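Chemist: Next one to model:
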Amino acid sequence: MEAVLELSQALVEHSASHVVVIDESGRIRYVNAAWIRFSRENRGRSMTGPLRTISTSASDR
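Modeler: Just a heads-up that it's a prediction; the model follows:
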């Protein structure tokens, strides 16, 4: 079971897709490396709106 969990974590962490986990109060609890790169590349730009919209807009560039 532990090996499956480790594999799952590695797949999420190394995914090219932006992954962000938000709790019920709206706090970000986890982001993967792709989200960190996205955030750095878009620093200083307005990033308001639904996360799905923000992420999709960035990949359209």
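Chemist: which element is R29 on?
Modeler: strand 28-31 (DSSP states H and E).
Chemist: Strand partners (parallel or antiparallel) of that strand?
Modeler: Strand pairing for strand 28-31, using DSSP bridges, gives strand 20-22 (antiparallel).
Chemist: For the strand it pairs with, the averaged confidence score.
Modeler: The average pLDDT within strand 20-22 is 89.
Chemist: Check stretch 32-44 too.
Modeler: Mean predicted confidence for stretch 32-44 is 86.
Chemist: Contacts for that stretch next, please.
Modeler: By CB atoms under 8 Å, 6 or more residues apart in numbering, the residues outside stretch 32-44 that reach it are 12-20, 31, 55, 58. Backbone N, C-alpha and C define where each C-beta goes, glycine included.
Chemist: so how many other residues sit close to A16?
Modeler: For A16, the count of nearby residues is 9 (other CB atoms under 10 Å).
Chemist: buried residues in the longest helix along the chain?
Modeler: Secondary structure assigned by DSSP state H gives helix 2-13 as the longest helix of the chain. Residues of helix 2-13 include none that count as buried (16 or more other CB atoms under 10 Å).
Chemist: With just CA atoms, put that helix into PDB.
Modeler: This file holds the C-alpha atoms of helix 2-13, laid out as PDB (Å, rounded to 0.1, in the frame of the first residue of the first chain):
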ATOM      1  CA  GLU A   2       2.800   2.400   0.800                       C
ATOM      2  CA  ALA A   3       4.400   1.800  -2.600                       C
ATOM      3  CA  VAL A   4       1.100   2.800  -4.300                       C
ATOM      4  CA  LEU A   5       0.900   6.000  -2.200                       C
ATOM      5  CA  GLU A   6       4.500   6.900  -3.100                       C
ATOM      6  CA  LEU A   7       3.800   6.300  -6.800                       C
ATOM      7  CA  SER A   8       0.600   8.400  -6.700                       C
ATOM      8  CA  GLN A   9       2.500  11.200  -5.000                       C
ATOM      9  CA  ALA A  10       5.300  11.100  -7.600                       C
ATOM     10  CA  LEU A  11       2.800  11.100 -10.500                       C
ATOM     11  CA  VAL A  12       1.000  14.200  -9.200                       C
ATOM     12  CA  GLU A  13       4.300  16.000  -8.300                       C
END
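Chemist: Fine by me, thanks again.
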